[in-house]
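pasting the sequence and the predicted coordinates here, then a few questions.
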Amino acid sequence: MIMRKLLLLFLLVPALTFGQKVITAPEQYGSELITDGQFNTACAVNWICGDDWVIAGGVATHTGASTFKYLRSAILSITANSTYILEYEVTAYTSGALLISSSSFGTSTAISGALGSHTVRITSSINSAALIFGAGASGFVGSLDNVSLKKVTKEAGDILIYNGKVIILATNVIADGNSLTVGTGGGGSTYPAILASINSTLSVINKGVNSQTTPMMEADASTDIDPLFLSGSRNILIAWEVTNDIYFGATNQEAYDNIKQYCQNRQSAGWDVIVAGVIPRGQKKADGTSIIDYNLDLDTVNSMIDTSYTDFADVYVALASDPRLSDYSNTTYYSIDSIHLNATGYSVVADLVNEAIISIQGYSFSTGLLILSLLVYRRNRKNLK
């Protein structure tokens, strides 16, 4: 049987690589979020003008050197963990710095005030209801026009063309979880972002939320996760939680049942599901339970998932079984808070999750060629340790 599989492998590789090419499908965007980006109406109609901002002649102008004075759009919807493309034009510039208020996307963002058209890509960490331009600490004297804001609904991804036909679409990956998915401690690095950088076949969306528990994930999955399912594509959902569930008081059985229910419901919605095991954590529970007992509980739930994950997931990634992630005091991989990971640790998670994804895909891309492996002949439901 093994020899037959190997023979088939050698026959398939030349057949599939001949006459194929990989192209990059462009990003897709939602509808325009800004009302009156050309400033055709006066202040207080579609834009709220702070001190020294005026709208006249089809532009918005900050006329003085006052600092941290804002130009606020009409009400719109910005959602946490979503990426947006902001376009604007500086039609006149005298001095000072321009920024986007932290009330818009969660972080105060310096943007160019130089003459010309500009495009800024911003991922929001909060839900908000307005785009707010501000004059920075040095003030801003200049004029803005042609403001546009659109949500990225699908990131660019690779498509395989074989003999003129599309045969594989980029895999749609959604990462749901808590602050470990957000990337706390990583200094700007997150495992979903690293995952996208090491596997060009993936379009990855990070839906992690700080302090999120598994029941919270389940509560908003039907409106926040399942609508991201793309018909015609491979859709993979990565579920990484349990830790907060137990931290905030769930029993081991409750935590197991919660993650099982969440994953089963995502499978019912059509997702291929990867469930990631929890990693050790250097803190007490919220109720004061010791670090030792807290980690014993985490180990217990990991074991429960390990023995039964095929009932509710396609692949289980036993992160804590990797020696690099097994010791919360190891600052090579863990953040100094002993709870989260650093950039190196998140890279380890990305590598392990990528192995799980490849086992579901059955292929990977390398320099534009389709590479088949014996993973094609393995069952997808594989325990990766």
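Yep, that arrived. Residues are numbered from 1 along each chain as shown.

and Thr300, what are its phi and psi?
Per-residue torsions, Thr300: phi -60, psi -50 (degrees, to the nearest 10).

for the closest residue to it other than its chain neighbours, give me its contacts.
Excluding its sequence neighbours, the residue lying closest to Thr300 (CB to CB, 6 or more residues apart in numbering) is Asn252, at 4.9 Å. In short, each C-beta sits where N, CA and C put it, glycine included. Applying CB atoms under 8 Å, 6 or more residues apart in numbering to Asn252 gives the contacts 246, 297, 300-301, 304.

now, which of the residues you listed sits nearest Ser82?
Nearest to Ser82 among these: Ile246, at 28.8 Å, using CB to CB.

and the stretch of helix or strand the closest one belongs to, what does it pack onto?
Using DSSP states H and E, Ile246 maps to helix 243-247. If you count contacts as 3 or more CB pairs under 8 Å, 6 or more residues apart in numbering; DSSP states H and E, helix 243-247 packs onto helix 214-224, helix 252-268, helix 291-308.

run the last query once more with 7 Å
helix 252-268, helix 291-308 (3 or more CB pairs under 7 Å, 6 or more residues apart in numbering; DSSP states H and E).

in the last one, what's buried?
What it means is helix 291-308. For helix 291-308, a neighbour-count test (16 or more other CB atoms under 10 Å) marks 294-295, 297-298, 301-302, 304-305 as buried.

of all the helices and strands packed on helix 243-247, which lies closest to Tyr316?
Within these, the stretch nearest Tyr316 is helix 291-308; the backing value is 6.1 Å (CB to CB).

give me the residues contacting the closest one.
Contacting residues not belonging to helix 291-308 are listed as 242-243, 246, 252, 255-256, 275, 277-278, 280-285, 316, 318, 320, 383 [CB atoms under 7 Å, 6 or more residues apart in numbering].

which of these count as buried?
Buried, going by 16+ other CB under 10 Å: 242-243, 246, 252, 255-256, 275, 277-278, 280-282, 285, 316, 318, 320, out of the contacts of helix 291-308.

ok, back up a step: what would the buried residues of helix 291-308 look like in a markdown table with distance to Val59?
A markdown table is the format used below for the buried residues of helix 291-308 (distance: CB to CB, whole Å):
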| residue | distance to Val59 |
| --- | --- |
| Tyr294 | 58 |
| Asn295 | 59 |
| Asp297 | 60 |
| Leu298 | 57 |
| Val301 | 58 |
| Asn302 | 59 |
| Met304 | 62 |
| Ile305 | 58 |
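
would you turn the residues you listed into JSON lines with pLDDT and distance to Ile336?
As requested, those are arranged in JSON lines below (pLDDT from 0 to 100; distance: CB to CB, whole Å):
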{"residue": "Tyr294", "pLDDT": "97", "distance to Ile336": "19"}
{"residue": "Asn295", "pLDDT": "97", "distance to Ile336": "18"}
{"residue": "Asp297", "pLDDT": "97", "distance to Ile336": "24"}
{"residue": "Leu298", "pLDDT": "97", "distance to Ile336": "20"}
{"residue": "Val301", "pLDDT": "98", "distance to Ile336": "26"}
{"residue": "Asn302", "pLDDT": "97", "distance to Ile336": "24"}
{"residue": "Met304", "pLDDT": "98", "distance to Ile336": "31"}
{"residue": "Ile305", "pLDDT": "97", "distance to Ile336": "28"}
